[in-house]
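Enquirer: need a 3D model of the following:
(one chain, ligands or ions: 1)
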Amino acid sequence: MRIAIGLLLIALLSVSAEEPLRFDNYKVYKLFINEDGQYQSLKNIEKTFKLNFWKEIRSLGEDCDVMVPPEKVLDFEKFLQKSSIGYNLTINNVQELIDNERPKARSAGMEWTDYHSLEEIHAWVESLAQRFPKQVSLFSIGKSFEGRNIKGLKISYKPGNKAVFIEANIHAREWITSAVITYIIDELLVSRHPAVRDIAENIDWYIIPVLNVDGFVYSHEVDRMWRKSRQGHGNKCIGTDMNRNFGFLWMSAGASNDSCSETYAGPFAQSEPEINQLVDYVQALPDDYIKIYISLHSYGQYVLSPWGHTEELPPDYDAMMHVAKGYADSLKRRYGTVFTYGSSALTLYKVSGSGKEWAYAVKGIPIPYTIELRDKGTYGFILPPEQILPTAKEVLEGFIGMIHAAREINIV
Ligand SMILES: [Zn+2]
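Expert: Below you'll find the model as predicted:
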């Protein structure tokens, strides 16, 4: 009887609190794929070797990053040698990076030396509305699948401005994106630097610091490498890639119909409440008001424009590249960090159903980007907390250059 009660207790506990997954001795390799046959054989072993692609391959001759569980490492290296695939071991122990990322001691409020939980980010955003009641208004686009509020804020100093719309952390594990955007919010409100005051006061900023609230909490509490939503739709695997779920040319390229894939597009367009409500929110804003739409991601250091589904270029491509150049040049000049810019399909890989494609094609926002923040694969998604501030500062500089370039061609 006592054993039975004990077992029952264990069963109850395991239901209420999911143990965090560990990644002890998981390794990440950078692979160099030069032949089609190599790519095919890599894809063939993806499931049996439990590979997790941190960076997908776009075309032959380019690199990709893949995470391998420890029990598969020996066989995987044998496979690489047999297939003559060139490789570097970039991360020797993923868990070690995750442990270093955990804050040692946490002070109240927001600083940019640590990654923060959803609760902390939301509490901080709410405190801004009290500190800056004239400039900050809070909004919520609605509730997530698990019932969390998807909060955002608008910063506006005066009527008549054009607007920039930014969503961050649509992919749960890309923690640097919400860390950077909260820094930008802070700078827009408190900085005295004239260039920052200029973009703060002459542009309206709509910012959702964490769009994928459910996935973000799950990545903090259970699986640091979680990317997708948390809705199951009765599928074999849980989660939809929200940045493949928007209703423009949904599932036409660079998306998967396999629920276990990291790029699963969902059972139908805008099946995820987070995306459906985001689309409604942006649609309800006046036409010709939002001029720039940014979806913040990591990693790879890219500014990516439409199109994603085709290598053909959109009508406003020259303007998109002029403004992207403004972003990239400005931060490179000051910090030396290099961002590559171009269309998704030409620069990184094909994609459909992403936010920037929808923003451009459906809402008619002329300058839409996916911006991939640091780094190039040294730490990948687990960028050390020491890099939050340098990354945030370079993005702020990039935004100043971006707004200047947009002014030059009368976008804002
Ligand atoms: Zn992403």
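Enquirer: next, residue 310: secondary structure please.
Expert: Following DSSP: H, G, I helix; E, B strand; the rest coil, we place residue 310 in the coil state.
Enquirer: which residues sit against the helix ranked longest in the chain?
Expert: As assigned by DSSP state H, the longest helix anywhere in the chain is helix 388-408. Helix 388-408 is contacted from outside by 112-115, 164, 176, 179-180, 183-184, 187, 195-196, 198-199, 203, 291-292, 322-331, 334-335, 337, 339, 367, 371, 373-374, 383, 412, using C-beta atoms under 8 Å, 6 or more residues apart in numbering. Placement of C-beta: from N, CA and C, glycine included.
Enquirer: list the buried residues in it.
Expert: Neighbour counts over helix 388-408 (16 or more other C-beta atoms under 10 Å) mark 388, 391-407 as buried.
Enquirer: need the helices for the stretch 301-412 of the chain, in chain order.
Expert: 317-335, 344-347, 355-361, 388-408 (DSSP state H, counting those that start in this stretch).
Enquirer: what does the stretch 151-300 of the chain put close to the ion?
Expert: 171, 297 (C-beta under 5 Å from the ion).
Enquirer: immediately after the strand or helix carrying residue 201, which helix or strand?
Expert: Element membership of residue 201, judged by DSSP states H and E, is helix 194-202. As assigned by DSSP H and E, the chain's next helix or strand after helix 194-202 is strand 203-208.
Enquirer: need the contact partners of that next one.
Expert: Contacts of strand 203-208 (C-beta under 8 Å, 6+ apart): 141, 150-156, 161-168, 181, 184-185, 188, 278, 285, 289-290, 403, 412.
Enquirer: among these, which lie within strands?
Expert: If you go by DSSP state E, the contacts of strand 203-208 have 141, 150-155, 162-168, 290 in strands.
Enquirer: quick one on the thing from earlier: packing partners for the helix holding residue 201?
Expert: helix 176-190, helix 388-408 (3 or more C-beta pairs under 8 Å, 6 or more residues apart in numbering; DSSP states H and E).
Enquirer: check contacts around residue 327.
Expert: By C-beta under 8 Å, 6+ apart, residue 327 lies in contact with 303, 339, 341, 371, 398, 399, 401, 402, 405.
Enquirer: what's around the residue of the stretch 201-350 of the chain found nearest the ion, how many residues?
Expert: Residue of the stretch 201-350 of the chain nearest the ion, by C-beta to the ion: residue 297 (3.3 Å). Per other C-beta atoms under 10 Å, the neighbour tally for residue 297 reads 24.
Enquirer: go on, residue 257?
Expert: When counting by other C-beta under 10 Å, one arrives at 11 neighbours for residue 257.
Enquirer: was I right to think it contacts residue 263?
Expert: No: counting by C-beta atoms under 8 Å, residue 257 stays clear of residue 263, with 9.9 Å between them.
Enquirer: sorry, back to before: turn the helices of the stretch 301-412 of the chain into JSON lines, including distance to the ion and mean pLDDT.
Expert: Output for those, formatted as JSON lines (distance: least, C-beta to the ion, whole Å; pLDDT from 0 to 100):
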{"stretch": "helix 317-335", "distance to the ion": "18", "mean pLDDT": "98"}
{"stretch": "helix 344-347", "distance to the ion": "12", "mean pLDDT": "94"}
{"stretch": "helix 355-361", "distance to the ion": "10", "mean pLDDT": "98"}
{"stretch": "helix 388-408", "distance to the ion": "15", "mean pLDDT": "98"}
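Enquirer: now distance to residue 99 too, for those helices, in JSON lines please.
Expert: Formatted as JSON lines, those follow (distance: least, C-beta to C-beta, whole Å):
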{"stretch": "helix 317-335", "distance to residue 99": "28"}
{"stretch": "helix 344-347", "distance to residue 99": "34"}
{"stretch": "helix 355-361", "distance to residue 99": "32"}
{"stretch": "helix 388-408", "distance to residue 99": "17"}
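Enquirer: and those helices: which comes nearest residue 133?
Expert: Taking C-beta to C-beta, helix 388-408 is the member of those nearest to residue 133, at 23.9 Å.
Enquirer: OK, now which residue of the stretch 101-250 of the chain is nearest to the ion?
Expert: Closest to the ion within the stretch 101-250 of the chain is residue 171: 3.5 Å, counting by C-beta to the ion.
Enquirer: in a helix, that residue, correct?
Expert: No: in this structure, residue 171 is coil, not part of a helix, as judged by three-state DSSP.
Enquirer: please tell me how far the closest residue to it other than its chain neighbours sits from residue 175.
Expert: Residue nearest to residue 171 in three dimensions, not counting chain neighbours: residue 227, with 5.0 Å by C-beta to C-beta, 6 or more residues apart in numbering. The spacing between residue 227 and residue 175, counted by C-beta to C-beta, to the nearest Å, is 12 Å.
Enquirer: ditto for residue 124
Expert: Residue 124 sits 15 Å away from residue 175, going by C-beta to C-beta.
Enquirer: what do you get for residue 250?
Expert: Remark: distance between residue 250 and residue 175 (C-beta to C-beta) = 27 Å.
Enquirer: so which of these two has more stuff around it?
Expert: residue 175 (25 against 20).
Enquirer: isn't that one up against residue 217?
Expert: No: using C-beta under 8 Å, residue 175 and residue 217 do not qualify as a contacting pair, with a distance of 12.0 Å.
Enquirer: what about the residue lying closest to residue 354 once chain neighbours are set aside, how many residues nearby?
Expert: Excluding its sequence neighbours, the residue lying closest to residue 354 (C-beta to C-beta, 6+ apart) is residue 243, at 4.8 Å. Counted by other C-beta under 10 Å, the residues lying close to residue 243 total 27.
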